[in-house]
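[1] fold the following and give me the result.
(one chain, ligands or ions: 1)
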Amino acid sequence: MSLFIGEIEVPGQKNNVEKKKRLLKKKVVRYLYFHGPKSAIEISKKLKTSIPTITSTIAILCKNGILSEEGQGNSSGGRRPLLYGLCRNSLYILGIDIGRYTTKMAIYNSRMEALTGLQHYEIALVNDEKFLDHIQTYAQQLIIDSNIDKEKIIGIGIDMPGLVDSENGRNFTYFTQESGTLAQLLTRKFGLPVYIENDAKARALAEFRFGLAKGRKNVLVLHVGWGVGLGMILNGKLYRGHNGFAGEFSHIHFSENGLLCSCGKSGCLETEASGKALVRHAEESIAKGKNSNLAELLVGKSNENLHKIIIDAADSGDQLAISIISKVGLELGKGMSTLIQLFNPELIILGGRMADANRYLLTPIQQSLNHYCLRKIGEQTEIALSELGANANILGAVAMVVENTFEI
Ligand SMILES: [Zn+2]
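    Okay, the predicted model is just below:
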């Protein structure tokens, strides 16, 4: 048990009154983690608890070094109220974003500040426990480099590809365990609580807690990279489905093109509406001798850079680049119109490398939405580009640790 949780749990206190007090402490910490410093009145209103009860809970948390006074808020007539927030270094969370080719890590304090910045490790995801040993070694080194008290780390959040049952800590695609779960294996390895989540869902959670979906109730988050990831916030909660597998949008049957998909089936949405489709269109057009600078620009470049090269070419006016991005955008919009009609979201957030194509992608998407959506539904949905940047996944993984640790 981390020092932080120890302060909150206070072992041995098991009667109902103490349980209620403990739950209230968790609620206060969780609320302040996600919303920043607040006054006792604001906390009391939000948690629907009397001001005297909140005031005494705040006093205990301040005494234990978890909360501190953070200046004064705006007055609504009388004296300006004192604000309380989490002490900057009262707790830490390690976030790990496992990608197919790169793993990123960062340690965040209670103010969502990444202590050692976002670290990148060029390591391909392979289905072998040795991969996890490497990750553990990198993580241990990062903890040492950050100079923090390991006892204050409340947990590790990991997002990764695959079919993930987050609630039970299982990944059915990678590191499937004969006995126990992946989360249990990692918890043993790290000696800290570990929570795992699918990468698309972690991104949706990040948008919900820290990004454009904050305060919204029905938002879809699309990540368009090589494939298309979908995370859904429905009725103000991350929607996981029955087993945690909801949102496999990339692999719905979409076309009779007969093209083999990464999942082994053919004609999935990602064969037409993803970064992978964009690169295929570029290669096919070049092979047909279409007049474009792309033929020279793409020679010998690694997969990691292809989208950026094509998007940059579009920005400098290359007509082939513009037309193939548009082609992908039209297909993506077609897929999105299905999502809009099924879920009636107020907002769809687009992220991933393809989102860098901005207007070259958004215009054809809108064209498809106009074409395929019922007008009344389509015009209610706003489309926006994610503002969270490269650490979106990790922020989601970190939010997951907070949600699980301070479960209410
Ligand atoms: Zn597929």
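
[2] determine the set of other helices and strands touching the helix or strand that contains residue 62.
    Using DSSP states H and E, residue 62 sits in helix 51-63. Here helix 51-63 touches helix 16-35, helix 40-46, strand 67-72, strand 82-86, going by 3 or more C-beta pairs under 8 Å, 6 or more residues apart in numbering; DSSP states H and E. The way it works is simple: take the backbone N, C-alpha and C, and place the C-beta from them, glycine included.

[3] list the buried ones in the last one?
    Of the residues in strand 82-86, those scored as buried under the neighbour-count criterion (16 or more other C-beta atoms under 10 Å) are 83, 84, 85, 86.

[4] and the spatially closest residue to the last one that is not a sequence neighbour, what does it touch?
    Think residue 86. Closest residue in space to residue 86, ignoring its immediate chain neighbours: residue 110 at 3.8 Å, by C-beta to C-beta, 6 or more residues apart in numbering. When contacts are counted by C-beta atoms under 8 Å, 6 or more residues apart in numbering, residue 110 touches 33, 86, 87, 88, 89, 90, 91, 92.

[5] out of the residues you listed, which are buried?
    Judged by 16+ other C-beta under 10 Å, buried ones among those: 33, 86, 87, 90, 91, 92.

[6] looking at pLDDT only, which of the residues you listed scores worst?
    Within the buried ones among the contacts of residue 110, pLDDT reaches its minimum at residue 90, with 91.

[7] now look at stretch 220-233 and say if it contacts the ion.
    No. Shown here: stretch 220-233 not in contact with the ion (C-beta under 5 Å from the ion), separated by at least 8.0 Å.

[8] average pLDDT across that stretch?
    On average, stretch 220-233 scores 95.

[9] minimum distance to residue 393: which of the helices and strands packed on helix 51-63 has it?
    With respect to residue 393, and counting by C-beta to C-beta, the nearest of the helices and strands packed on helix 51-63 is helix 16-35 at 17.6 Å.

[10] quick one, the closest one and helix 51-63 angle?
    Here helix 16-35 runs at an angle of 70 degrees relative to helix 51-63 (axes from the mean of the first three to the mean of the last three C-alpha atoms, to 10 degrees).

[11] residues contacting helix 16-35, please?
    8-10, 13, 38, 43, 46-47, 49, 53-54, 57-58, 60-61, 66-67, 84-86, 110, 209, 399, 402-403, 405-408.

[12] ok, of those, which come out buried?
    By neighbour count, with 16+ other C-beta under 10 Å, the contacts of helix 16-35 hold 8, 38, 43, 47, 49, 54, 57-58, 60-61, 66-67, 84-86, 110, 209, 399, 402-403, 405-406 as buried.

[13] residue 288: neighbouring residues, count only.
    Applying other C-beta atoms under 10 Å, we find 7 other residues in the vicinity of residue 288.

[14] how much space between it and the ion?
    Note on residue 288: its distance to the ion, by C-beta to the ion, to the nearest Å, is 26 Å.

[15] now residue 27
    Residue 27 is 41 Å from the ion, by C-beta to the ion.

[16] just residue 391 next, same as before
    Counting by C-beta to the ion, the gap from residue 391 to the ion is 27 Å.

[17] tell me if that residue really is in a strand.
    No. Secondary structure assignment (DSSP: H, G, I helix; E, B strand; the rest coil) places residue 391 in helix, not in a strand.

[18] name the nearest residue to it, ignoring sequence neighbours.
    Distances taken as C-beta to C-beta, 6+ apart place residue 118 nearest to residue 391, at 5.2 Å, with adjacent residues excluded.

[19] could you do residue 293 as well?
    Using C-beta to C-beta, 6+ apart and skipping residues adjacent in sequence, the residue nearest residue 293 is residue 318, 5.4 Å away.

[20] I'd guessed the one you found sits against residue 291; true?
    No. Contact criterion C-beta atoms under 8 Å: residue 318 and residue 291 do not qualify, at 9.7 Å.

[21] ok, these two, which is more surrounded?
    Neighbours were counted for residue 318 and for residue 291 using other C-beta under 10 Å; residue 318 has more, 18 against 10.

[22] flag every residue of the stretch 151-300 of the chain that's near the ion.
    251, 261, 263, 265, 268.

[23] surely residue 223 forms part of a strand?
    Yes. Looking at residue 223 with three-state DSSP, it is inside a strand.

[24] what sits against it?
    Contacts of residue 223 by C-beta under 8 Å, 6+ apart are 199, 200, 203, 229, 230, 231, 351, 352.

[25] turn the residues you listed into JSON lines, including neighbour count and secondary structure.
    Converted to JSON lines, these look like this (neighbours: other C-beta atoms under 10 Å; DSSP: H, G, I helix; E, B strand; the rest coil):
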{"residue": "199", "neighbour count": "25", "secondary structure": "helix"}
{"residue": "200", "neighbour count": "29", "secondary structure": "helix"}
{"residue": "203", "neighbour count": "31", "secondary structure": "helix"}
{"residue": "229", "neighbour count": "27", "secondary structure": "strand"}
{"residue": "230", "neighbour count": "23", "secondary structure": "strand"}
{"residue": "231", "neighbour count": "31", "secondary structure": "strand"}
{"residue": "351", "neighbour count": "30", "secondary structure": "strand"}
{"residue": "352", "neighbour count": "22", "secondary structure": "coil"}
